[in-house]
Each structure stands twice: as structure tokens, then as C-alpha cells.
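Student: Quick one, structure for this:
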Amino acid sequence: MKDWYMIIENDYRFIGSDIRKIRESKGITRKEIAENMFISEETIRRIEKGDNDPRISTLVPICNYIGVDIKDLINDRQFEYNNLLSLRKDIGNLLNNASVNKAKVLIKSLDDFNFSNNLVRERELYATKHYFNGLLAIKNNAKENNPSEELENVLSDLNSRFKINKFKNYKYDDFSLRILLALATSEYKKGNFELYRDIMAEMSGYINTSIDDYFLFCYNLAIFYSRNKKYEQSINICQQAIANARKIEDTTYLNMIYYAKGLNHLYLYEYDKAKESFDYCKVLTNIFASDIIITSLSSEIDNLMLKNK
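Tutor: Down below sits the predicted model:
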């Protein structure tokens with residue numbers, strides 16, 4: 001029996017219709033906002049129709065321009081919680097892009113949040129801090145603290161009954177899945193391959209396009225299958241992710257999906273396919289990634305191709 005406390009996450013789509021009504025009542029056009037706030041007119045149209053879940057950084061200037069406090073559209077408690085979710089996503093993106101110092105600055109800003117009147121949100125805030133401390137420890141290969149222990153504490157913050165040896169008994173939401181993924185990575189680095197394998201196998205049942213960080217999970221699942229020499233299965237995961245990326249027009253982590261795909265083709269001695277995937281990886285990396293990632297990934301790919309010629 002699965003027994004996991006599910007965290008309710010909110011979005012801002014419901015605000016769009018209110019923004020449209022206020023804008024129209026004041027005789028302000030979308031074009032006027034777009035030209036003054038440097039936001040595309042199409043983005044504003046989609047927000048007003050509720051077609052996407054806009055970021056706070058997009059909503060605030062729109063609300064300011066039409067003369068309404070965004071906190072009047074969202075109650076203060078939900079505003080702060082959604083701010084936390086947005087910040088958590090930004091920190092995750094920075095860490096994935098090797099921008100550790102920038103991420104540390106944002107992690108420090110987590111201390112500014114206060115959910116003392118809401119025990120569930122307070123636990124989630126505490127868990128968020130532990131989660132990023134665990135990620136930093138993994139990235140730094142820290143020996144002074146145990147990333148796995150830190151990440152287990154995160155899951156215990158969210159559910160006091162959580163035990164790692166019974167992790168299959170729980171049902172996970174998007175945030176707890178990210179924690180579990182980090183825990184699996186930590187266990188792999190420690191050489192605990194059996195627990196890593198069991199966690200990744202369990203996570204495979206959760207992977208679908210509706211979850212946050214879908215492409216990050218696909219990449220890690222592809223690497224998991226590759227490490228277990230299930231190269232065709234790994235390639236299938238990559239191909240599904242690539243197809244979905246084209247469908248929803250999202251390039252997040254797509255460079256690493258192509259990297260994993262190229263790696264598997266290389267292991268199968270399919271050098272032309274490997275080169276094609278690696279070339280896609282390089283192009284996407286050059287466009288979207290930081291200089292550190294561009295240099296390290298390009299060098300790694302060149303060495304792999306040279307080594308396997």
C-alpha cells in the first residue's frame with residue numbers, strides 16, 4: 001500500500017482572465033504592455049486565455065503596468081508559496097547548468113520565507129533547504145557530510161514515517177521524485193548499486209510528460225538503462241523524450257537527452273548515429289548552456305569519439 005503525503009502545488013493560470021478584465025476596463029492594449037514591458041504580445045494573450053502557467057517574473061510587470069498589485073489577485077499565502085516553487089525551479093536550473101555560485105545566492109534567499117502559520121508549507125520549506133544542501137554535497141563530492149543522509153532527512157521532513165528501506169511503500173509527488181532521484185545519484189556515487197537500481201526502477205513508473213523536470217528524469221532513466229547495458233531500451237527513452245520535446249516545443253535538458261542517445265549508439269558500435277546525436281547535443285549546448293558546460297561536454301564528446309574510433 002502506497003502511503004505518501006501529497007503536496008498540493010498551485011499555478012497562476014487563473015489570474016489571466018482578471019488581468020484581461022482590468023486591462024480592458026482601463027483601455028490598455030496588449031500591444032502597449034508588450035512594447036513597454038518587453039514581453040511579447042503573444043505571451044500576454046496566452047496568459048489572459050489561461051493557456052500557460054506564467055512565471056512571477058512575467059506577471060509582476062504586467063500587473064504593475066495596468067496598476068494592480070499582484071497580491072490583490074493572489075492571496076498573500078499562496079503568493080509566497082508560488083514564489084517558493086518558482087525559486088526552487090530557478091535554483092534547480094542553475095545547478096543543472098553548473099552555475100553553483102549563483103544558485104548558492106538564491107538558496108540563501110530561502111531564509112526570507114516564513115510559513116510559520118502553515119505546518120505543511122513550513123515542512124516543505126525546510127525540506128527544500130535540505131534538498132539543495134544535498135545536491136551541493138553531491139556536486140562537490142563532499143566528504144564532510146553525507147548527501148544520502150541529508151536527502152533522507154528531506155523525505156522525512158515531508159513524511160515523518162519515511163524509511164529508505166521501505167521507499168517502495170510510498171507514493172511520490174513531483175518534488176519528492178526529484179529528491180528520490182538525487183538520493184539514487186548519491187547512492188550510485190557511494191557504490192551502492194543495488195539501491196540505486198531499485199530506486200531508478202521504481203521511478204520509471206512515474207515518468208510521463210505531466211511531471212515537472214520530465215526531461216531530466218528521462219535523461220537519468222536513459223543513463224540508468226545504459227549502465228545496465230540495456231542500450232536499446234535507453235535509446236527508446238531518449239527517442240520518446242525527443243518526440244515529446246518537439247511536440248511541446250521545450251528544449252529543457254534536450255542536449256543531455258541527445259548526449260545519452262549518442263552514448264548508447266556508441267556502445268552499440270553505431271558510430272554514424274552516435275555522431276549525429278552528439279552533434280545535436282553540441283548545437284543545443286552551445287545555444288542554451290553555460291560556458292562551463294559547453295567546454296566540458298564538448299571535450300567529453302570529442303574524447304569519447306576519439307577513444308571509440
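
Student: Which strands and helices lie in contact with the helix or strand of the chain with the lowest mean pLDDT?
Tutor: When the helices and strands of the chain are scored by mean pLDDT, DSSP states H and E, helix 70-73 comes last with a mean of 78. Judged by 3 or more C-beta pairs under 8 Å, 6 or more residues apart in numbering; DSSP states H and E, helix 70-73 is in contact with helix 56-65. All C-beta spots, glycine's among them, are computed from the backbone N, C-alpha and C.

Student: in the helix it packs on, what's buried?
Tutor: The neighbour-count check on helix 56-65 (16 or more other C-beta atoms under 10 Å) flags 58-59, 62-63, 65 as buried.

Student: ditto for stretch 235-249
Tutor: Within stretch 235-249, the residues that count as buried by 16+ other C-beta under 10 Å are 235, 237-238, 241-242, 244-245.

Student: any chance of those residues in a markdown table, plus distance to K166, pLDDT and secondary structure?
Tutor: Putting the buried residues of stretch 235-249 into a markdown table (distance: C-beta to C-beta, whole Å; pLDDT from 0 to 100; DSSP: H, G, I helix; E, B strand; the rest coil) gives the following:
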| residue | distance to K166 | pLDDT | secondary structure |
| --- | --- | --- | --- |
| I235 | 33 | 97 | helix |
| I237 | 27 | 96 | helix |
| C238 | 32 | 97 | helix |
| A241 | 30 | 95 | helix |
| I242 | 36 | 96 | helix |
| N244 | 32 | 94 | helix |
| A245 | 35 | 92 | helix |
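
Student: Can you name the next helix or strand after the least confident helix or strand of the chain?
Tutor: The helix or strand immediately downstream of helix 70-73 is helix 76-96, counting by DSSP states H and E.

Student: Need the phi and psi values for S210.
Tutor: Per-residue torsions, S210: phi -80, psi -20 (degrees, to the nearest 10).

Student: Would you reformat the buried residues of helix 56-65 as JSON lines and include pLDDT?
Tutor: Converted to JSON lines, those look like this (pLDDT from 0 to 100):
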{"residue": "T58", "pLDDT": "85"}
{"residue": "L59", "pLDDT": "86"}
{"residue": "I62", "pLDDT": "91"}
{"residue": "C63", "pLDDT": "90"}
{"residue": "Y65", "pLDDT": "92"}
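
Student: what about M37, how many residues close to it?
Tutor: Around M37 there are 16 other residues, counting by other C-beta atoms under 10 Å.

Student: Quick check: it touching C63?
Tutor: No: contact criterion C-beta atoms under 8 Å: M37 and C63 do not qualify, at 10.2 Å.

Student: Which segments of the chain make up each domain?
Tutor: For the chain, automatic domain parsing gives the domain ranges 13-73, 76-206, 210-309.

Student: mind showing which ranges of the stretch 101-250 of the chain have poor pLDDT?
Tutor: Low-confidence segments of the stretch 101-250 of the chain, defined by pLDDT under 70: 117-118, 142-145.
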